[in-house]
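> turn this into a structure:
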Amino acid sequence: MSARPPSVVLAAGGTAGHVEPALNLADELIALDPQTRITVIGGDRGLETTLVPARGYPLLSVPAAPMPRRPSIDLLLVCPRQRAAKKRAKEQLREVKADVVVGFGGYAALPTYLAARELRIPVVIHEANAKAGLANKVAARFTSLVYVCVPGAIKGGTVMGLPLRPGIARLQRSDARLAALASFGLPSDKPVLLVLGGSQGAQHLNATIAGALPELLGAGISVLHSYGSKNVAPNSQPGYVPLAYIAQMELAYAAADLAITRAGAMTCAELAAVGLPAIYVPLPVGNGEQRLNALPLVEAGGGLYVADGDCTAEWLIQTVPPLILDRGKLATMGAAVAGMGERDAGRQFAEVISAVAMTRIKGTSS
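Okay, the predicted model is just below:
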């Protein structure tokens, strides 16, 4: 315990892939020292506006200043928007007397990183993807406190797994299966295919599942489908449960025998931790990081890879039933992917952050 409680600022915003690990780290920091003061600084329009308050942490916002993917008039506005966001972040860091800023990337994190540098507050970054995003690339130029899930994602970064929700990190799927199936209203005598399109859903996966659904249900397969709140809600039917967003992912993982999913870093980390085999359909845009995220799990034997354009209803009909109905094959794949998982990374990372904050407190009080 320190002379005063440490003040930790988590820079997170945009997608659940950036927000969730930050909130998981917050939970671990509180478990380590309940007096720790947690503040999240994010954008003013991303998923953080709902996810952070739902987890009980205070959220401060900076003006959104995303980097356009294509040349446009918005590109001319990035610099003034970033300056405004950085100015606001500096005010907020002073207000909460931040001892350390921790970020997992995303455009909402960049102005807070830059503000912390000007205020001489330690910045710790964690890069989850195999290819680093812009915000973490910039921050890595002025901080030595760099952690990565994939070796080499940022040169010189220390390997550290992603913080997971305690419920996922501790999950024993076989023990929780019956209760999980009951929570979704799924029968206990049929295998379950879990369909995940990321926090905002995936229109292509949604359409593909819709085309394959009659044959999957006819083969005796139940389907639990997270379709994304921005997409049209499918109609439920016996054996098919569509949900806009699954808040308790540990229940979904416990209920499932096989997943078909995008390959965001958080999803890959969670699937590995709980030992759930999957068919990975990486998002075909961006810098190719999703394919690289899934590659180690596939090469280890814990999953299959299919390109987005090749993932058709016909392909699913041919591939899913013989796989999900083969218990021996699923067990082998599950064991392979579990060997890649890290369940205690959250606690380890929390200890790192606590030590950085304590060092700053001692330095400023001496």
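> in what helix or strand does the closest residue to residue 139 other than its chain neighbours lie?
If the residues on either side of it in the chain are set aside, residue 139 comes closest to residue 113, at 4.3 Å by Cβ to Cβ, 6 or more residues apart in numbering. C-beta here means a position set from N, CA and C on the backbone, and glycine is covered the same way. Secondary structure from DSSP states H and E places residue 113 in helix 110-118.
> list the buried ones in that helix?
Buried residues in helix 110-118, counted by 16 or more other Cβ atoms under 10 Å: 110, 111, 112, 113, 114, 115, 116, 117.
> sorry, back to before: tell me if I'm right that the residue nearest to residue 139 and residue 138 touch.
Yes: using Cβ atoms under 8 Å, residue 113 is in contact with residue 138, at 6.9 Å.
> and residue 256, what does it touch?
Going by Cβ atoms under 8 Å, 6 or more residues apart in numbering, residue 256 touches 192, 193, 194, 224, 276.
> and residue 150, which helix or strand is it part of?
Judged by DSSP H and E, residue 150 forms part of no helix or strand.
> what's the helix or strand for the closest residue to residue 283 other than its chain neighbours?
Spatially, and ignoring its direct neighbours in sequence, residue 283 is nearest to residue 290 (4.9 Å; Cβ to Cβ, 6+ apart). Using DSSP H and E, residue 290 maps to helix 289-299.
> show me the contact partners of that helix.
So helix 289-299 is contacted by 129-131, 150, 262-265, 268, 271-272, 278, 280, 282-283, 303-305, 337, 340 (Cβ under 8 Å, 6+ apart).
> mind running it again at 7 Å?
The contact list for helix 289-299 (Cβ atoms under 7 Å, 6 or more residues apart in numbering) reads 129-131, 262-265, 268, 272, 280, 282-283, 303-305, 337, 340.
> just stretch 167-183 next, same as before
With Cβ under 7 Å, 6+ apart, stretch 167-183 has contacts from 188, 249-251, 253-255, 270, 273-275, 343, 346.
> ok now that stretch, how far from the chain's centre?
20 Å (Cα atoms, centre = their mean, to the nearest Å).
> buried stuff in it?
Buried, per 16+ other Cβ under 10 Å, within stretch 167-183: 168, 169, 171, 173, 176, 177, 180, 181.
> show only the entries of these found in helices.
Among the buried residues of stretch 167-183, the members falling in helices are 168, 169, 173, 176, 177, 180, 181 (criterion: DSSP state H).
> between these, which is nearest residue 5?
residue 169 (25.0 Å; Cβ to Cβ).
> can you tell me which of the buried residues of stretch 167-183 lies nearest to residue 356?
residue 169 (22.4 Å).
> keeping just the C-alphas, turn stretch 21-28 into CSV.
C-alpha atoms of stretch 21-28 as CSV (Å, rounded to 0.1, in the frame of the first residue of the first chain):
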residue,chain,number,x,y,z
PRO,A,21,-8.8,-5.7,-22.0
ALA,A,22,-8.6,-2.3,-20.3
LEU,A,23,-11.6,-3.0,-18.2
ASN,A,24,-10.3,-6.5,-17.4
LEU,A,25,-7.1,-4.9,-16.3
ALA,A,26,-9.1,-2.5,-14.1
ASP,A,27,-10.7,-5.4,-12.4
GLU,A,28,-7.3,-7.0,-11.7
